[in-house]
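**Student:** No sequence on hand, only this structure:
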Ligand SMILES: [Zn+2]
């Protein structure tokens, strides 16, 4: 899957929004394909199948009440028919009930994919080779009229006798007579007729006599389709050059959009070879997965470029581009031709991506023990791109911020983001492209794996960046938040409907996937992990896999090495149930250690919707490790593990002195929290205060993150959590700061509109003033991680009102205004400086920044200006900015939801943004709702700080008046849960925080 869209602005303070905008590699989301208006597949989830899916119709949803009534006795067929009728009658919300599924984990070996097979293509005939010609027509006339036309010949092999060939099709018009021919002329097969099942996006072609097993047939189709700027399928992209609009045609097919470009067997497991021809005008260039082998003139300035035949590849991994871009190129150590493409104006910004790309490609070849199978690798930065990047085999597409790097204009964080995304997409070339998921339910394995391996690739190129430390704050602690809710979901979720497929491109698939793979690498040991992985990839190359295939490969490797770990049994507890455990560690009177596990929830009172039932009653296989004061060891290996095998309590024989502290989950390798007696918590805090360096930075971050979240859930007192950040004046490392600011940022967002905000700001000011230095806003000479810390601290300093920060920011900004061609501000703190200057300035500063936003040629600079523009304190300025999100010539459509979220992050803008979203709900749903993760992020973003009963009432009222929330449904339910938890936090902790501030004389 494509790497997520990310907000990559390191110096994003908490001015706007929250953890989305943080230093480091930024947030990983995911690519979601637009599947507007597609209603296919949903019928199947109405299936009540004892073993697999249990659908229960609650009968609450008026649209489905017909279908639900008497569902106990209705046959599956009847239910499907009823659902079908509702849809035929235009009931769009029917799915809310029809897919309200309670998933029990399949108890048999039958994959849910098999259960859901009637939304899947029949397997009677399967494709061997596609011969495709595509011609985008985007050179004359208005862009609304642009089209593409094409032909495809699919050579299929028949595997079972059948009278039809069924393929996917969407939004295409067939233009010529369909032909079916036997490759052996004596077959005498002919096309009879065809039908289109629009709901399932099936084109079913019937033949005059049966197709026979073992025989080959050619299916010929011609078609025309619209070339629109909808970011999915074969779509129209554009950018401006000297006020002229330049067009390009490009593609995004994951998950189910190749069928929008030509009729095909559009499922990840149905691999075939492809011969592609792209027809372009002679001033353009064309690109695809394989190298170009010939070009021939077709007259009138048209050129047809033919590409080499691909190896067997999944449909979602194809890519076609016609553009006027330029490239830089290099050869890898193993002779793979590697090119980096961009708009001619930006091609100079591709050098960094090219240099890390070539190194990481070779590193992965060596690590996986399998050469990159294609002769070339292209990467291309596109001005319009919905995801962060997409791993198309041999032609990886990126959003500009994820690939372009300008040493003058981009920050260290931008640089890291480029390296991370490049690494992520290259990891997919093996994990996903060479070995593909059998079905989308195993998306998490692709994404989790690539989200872990990306750290390995970047670590190889930049060992000083400490990527394996950063993963703890970027992924493990980040996803802990979401996964601590009853509305989370298991990593592995059976999916069928495209909305369901889209929903799982989320933090659980990426972040939790990466975190549990990291844990697995730890308990297996690096060599076992690597050898098992190699065998898995070698055995399944050019094929499709189910996650059990990986567990077995790693388990077999472990057995070979006499470690005997049952990888499947262990990993099933982490993938088939949601949430994670908290382990309580107690030193007993005899010096032994008792550990107990329970399911952690941020709110133990929340009502579990029971959408997912744990097959293990929320017990996990936990690789527990610990260290103590008198036996300090942060260098743990798999030999140090004490396993908890789904048991409630275990005792570890040891001889720990009563005066020692004990620390569990060393290096936070395990995906679980740890808690202790108050006495032990206080000993850990004393150690932080006396000499924090005794703990590894990862465990400093862990102590803080665990304490705050255990206080959130009520497992320990907030007083303990507050004490974990007292030592921060002495902290100089990035990881603990990042962890602390995540928690303190939450306190900030809760107190923002209360009387305690002033005293809290004074506390924050004191914590950062020790290490803030105003000269750091313009000076350079910092290492990568020093720059990260500096970015965080500068943001806090300006935000909490350290005068030297505000003054210096204003001075530098005005210098820049006086000479726009010479920006004197260090790139890594530009967002802080811009934001502070706009916040403390007036319309002159805003207008200047907006002008620079429109003129900038560097995507990273553009994005940070876009964020900083939301920092104004002027209501009218913010209102105007909100209106700009509806005008694509002001704010690009792909950025509109981000801008709204940024504005809502500003205390002044919060209610403006909420009003704007409410009054423009239908518009937003129509324009933005199709990109589900972005829409979910919009809803979550604008509601993140809601924390009063009045806020809650507003949400509930809004939900009541909008029973059909479409893509916003789940995010809205989560926002309500979050608001309730915020209210609870205020009820429980406001007075404690007040007392704590008073005790330190801030009140
Ligand atoms: Zn991915």
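**Tutor:** Structure's in. What do you need? Because the structure is predicted, anything quoted here is derived from the model rather than measured.
**Student:** make it CA atoms for all contacts and neighbour counts henceforth
**Tutor:** Will do.
**Student:** Which element, helix or strand, includes the closest residue to the ion within the stretch 651-800 of the chain?
**Tutor:** When distances are taken as CA to the ion, the stretch 651-800 of the chain reaches nearest to the ion at residue 671, 20.9 Å away. Per DSSP states H and E: residue 671 is located in neither a helix nor a strand.
**Student:** check contacts around it.
**Tutor:** For residue 671, the contact set (CA atoms under 8 Å, 6 or more residues apart in numbering) comprises 476, 515, 516, 519, 580.
**Student:** Now do the strands for the stretch 201-350 of the chain: every range, in order, please.
**Tutor:** Assigned by DSSP state E, counting those that start in this stretch, the strands in the stretch 201-350 of the chain fall at 202-211, 216-226, 233-241, 244-252, 273-281, 285-288, 292-299, 302-307, 320-323, 326-331, 337-342.
**Student:** now the ones you listed as CSV including distance to residue 389?
**Tutor:** Formatted as CSV, the strands of the stretch 201-350 of the chain follow (distance: least, CA to CA, whole Å):
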stretch, distance to residue 389
strand 202-211, 29
strand 216-226, 24
strand 233-241, 15
strand 244-252, 10
strand 273-281, 22
strand 285-288, 16
strand 292-299, 23
strand 302-307, 23
strand 320-323, 15
strand 326-331, 18
strand 337-342, 14
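**Student:** Which of the ones you listed sits closest to the ion?
**Tutor:** Closest approach to the ion among the strands of the stretch 201-350 of the chain (CA to the ion): strand 244-252, 13.3 Å.
**Student:** What residues of that closest one count as buried?
**Tutor:** Going by neighbour count (16 or more other CA atoms under 10 Å), the buried part of strand 244-252 is 247, 248, 249, 250, 251, 252.
**Student:** Can you name the residues bridging to the third one?
**Tutor:** As for beta bridges, residue 249 partners with residue 236, residue 322 under DSSP bridges.
**Student:** so it makes contact with residue 232?
**Tutor:** No. Here residue 249 does not reach residue 232: they are 11.0 Å apart, not a contact under CA atoms under 8 Å.
**Student:** now, which of the contacts of residue 671 sits nearest residue 757?
**Tutor:** Proximity to residue 757 was ranked across the contacts of residue 671 by CA to CA; first place goes to residue 476, at 29.6 Å.
**Student:** what's the distance between the closest one and residue 580?
**Tutor:** 11 Å (CA to CA, to the nearest Å).
**Student:** next one: residue 473
**Tutor:** Taking CA to CA, one finds residue 473 at 17 Å from residue 580.
**Student:** could you say which helix or strand contains residue 998?
**Tutor:** helix 969-999.
**Student:** which of the residues in that helix are buried?
**Tutor:** The neighbour-count check on helix 969-999 (16+ other CA under 10 Å) flags 969-986, 988-990, 992-994, 996-997 as buried.
**Student:** For that helix, what is the distance to the chain centroid?
**Tutor:** Distance of helix 969-999 from its chain centroid, counting by CA atoms, centre = their mean, to the nearest Å, is 26 Å.
**Student:** could you say what helices and strands that helix packs with?
**Tutor:** helix 718-723, helix 757-769, helix 932-943, helix 949-961 (3 or more CA pairs under 8 Å, 6 or more residues apart in numbering; DSSP states H and E).
**Student:** and the last one, what does it pack onto?
**Tutor:** If contacts are counted by 3+ CA pairs under 8 Å, 6+ apart, helix 949-961 sits against helix 969-999.
**Student:** quick one: contacts for residue 303?
**Tutor:** Counting by CA under 8 Å, 6+ apart, residue 303 makes contact with 279, 280, 281, 282, 295, 296, 297.
**Student:** a markdown table for these, including distance to residue 767, pLDDT and neighbour count?
**Tutor:** Shown next, in a markdown table, are the contacts of residue 303 (distance: CA to CA, whole Å; pLDDT from 0 to 100; neighbours: other CA atoms under 10 Å):
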| residue | distance to residue 767 | pLDDT | neighbour count |
| --- | --- | --- | --- |
| 279 | 62 | 98 | 26 |
| 280 | 60 | 98 | 26 |
| 281 | 61 | 97 | 22 |
| 282 | 62 | 96 | 12 |
| 295 | 65 | 98 | 14 |
| 296 | 68 | 97 | 11 |
| 297 | 69 | 97 | 14 |
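**Student:** Give me the phi and psi angles of residue 283.
**Tutor:** phi -90, psi 0 (degrees, to the nearest 10).
**Student:** which residue sits closest to it, ignoring its sequence neighbours?
**Tutor:** With sequence-adjacent residues excluded and distances taken as CA to CA, 6 or more residues apart in numbering, residue 283 is closest to residue 324, at 7.2 Å.
**Student:** Which positions in the stretch 651-800 of the chain make contact with the ion?
**Tutor:** Within the stretch 651-800 of the chain, no position is near the ion by CA under 5 Å from the ion.
**Student:** And the helices in the stretch 651-800 of the chain?
**Tutor:** 678-691, 697-713, 718-723, 734-751, 757-769, 784-799 (DSSP state H, counting those that start in this stretch).
**Student:** I'd like these laid out as a markdown table, including mean neighbour count.
**Tutor:** Below are the helices of the stretch 651-800 of the chain laid out as a markdown table (neighbours: other CA atoms under 10 Å):
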| stretch | mean neighbour count |
| --- | --- |
| helix 678-691 | 17 |
| helix 697-713 | 24 |
| helix 718-723 | 20 |
| helix 734-751 | 22 |
| helix 757-769 | 19 |
| helix 784-799 | 25 |
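**Student:** closest one to residue 559 among the strands of the stretch 201-350 of the chain?
**Tutor:** Nearest of the strands of the stretch 201-350 of the chain (CA to CA): strand 273-281, 36.9 Å.
**Student:** pLDDT below threshold where in the stretch 101-250 of the chain?
**Tutor:** 101-118 (pLDDT under 70).
**Student:** ok, the residue nearest to residue 223 when sequence neighbours are not counted - how many residues close by?
**Tutor:** Spatially, and ignoring its direct neighbours in sequence, residue 223 is nearest to residue 174 (4.2 Å; CA to CA, 6+ apart). The number of residues packed near residue 174 is 18, by other CA atoms under 10 Å.
**Student:** isn't residue 289 right up against residue 395?
**Tutor:** Yes. The criterion here is CA under 8 Å, and residue 289 meets it with residue 395 at 5.2 Å.
**Student:** give the contact list for residue 268.
**Tutor:** 314, 315, 316, 436, 437, 438, 439, 440, 544.
**Student:** Recalculate using a threshold of 10 Å.
**Tutor:** Listed by CA atoms under 10 Å, 6 or more residues apart in numbering, the contact set of residue 268 reads 254-256, 313-317, 432-433, 436-440, 543-544.
**Student:** Which of the residues you listed fall within helices?
**Tutor:** Counting by DSSP state H, no part of the contacts of residue 268 is found in helices.
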